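*Asks:* Any chance you can model this:
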Amino acid sequence: QVQLVESGGGLVQTGGSLRLSCAASGRTFSSYTMGWFRQVPGKEREFVAVISWNGGSTRYADSVKGRFTISRDNAKNTVHLQMNSLKPEDTAVYYCAGSGRARPIYRVTSYSDYDYWGQGTQVTVSS
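*Replies:* Model (predicted):
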């Protein structure tokens, strides 16, 4: 069992930066693929980024590629999402998620691929 708690959300102006963090409990964190998703009211939860269990592979949604960076520290049971050059369309609730699927990360980009979810943190980008 893994419990996830996100932090770092807030209000930022267009072009600004935020760093989201996800703290995980559980001894098996280092074996999980970790992802970030986001959701706005009335829309489905959207894939943002994913990182492999050892941090060696990452993948991003086209909408955030080149602006967001996912990273993890298995010694501290944390995963981060550095968000730069933020745009109003990045406004959403951001969720950290963990997947126990033994697949390449390009096959772990759907909501249904993830077993554990945090409670979410709000990111608002003002224009």
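
*Asks:* For the residue most central in space within the chain, pull up the helix or strand it's in.
*Replies:* The centroid of the chain falls nearest to W36 when counting by CA atoms, centre = their mean (1.9 Å). Element membership for W36, per DSSP states H and E: strand 33-39.

*Asks:* Also Y94?
*Replies:* strand 92-99.

*Asks:* Show me what that strand is in contact with.
*Replies:* Strand 92-99 is contacted by residues 2, 4, 6, 9, 20, 22, 24, 29, 32-40, 45-46, 48, 79, 81, 108, 113-123 when judged by CB atoms under 8 Å, 6 or more residues apart in numbering. For glycine as for every other residue, the C-beta is placed from the backbone atoms N, C-alpha and C.

*Asks:* Any idea what the residue nearest to the centre of the chain is bridged to?
*Replies:* W36 forms beta bridges with A49, C96, as assigned by DSSP bridges.

*Asks:* just checking, it touches V48?
*Replies:* Yes: between W36 and V48 there is a contact at 4.3 Å, judged by CB atoms under 8 Å.
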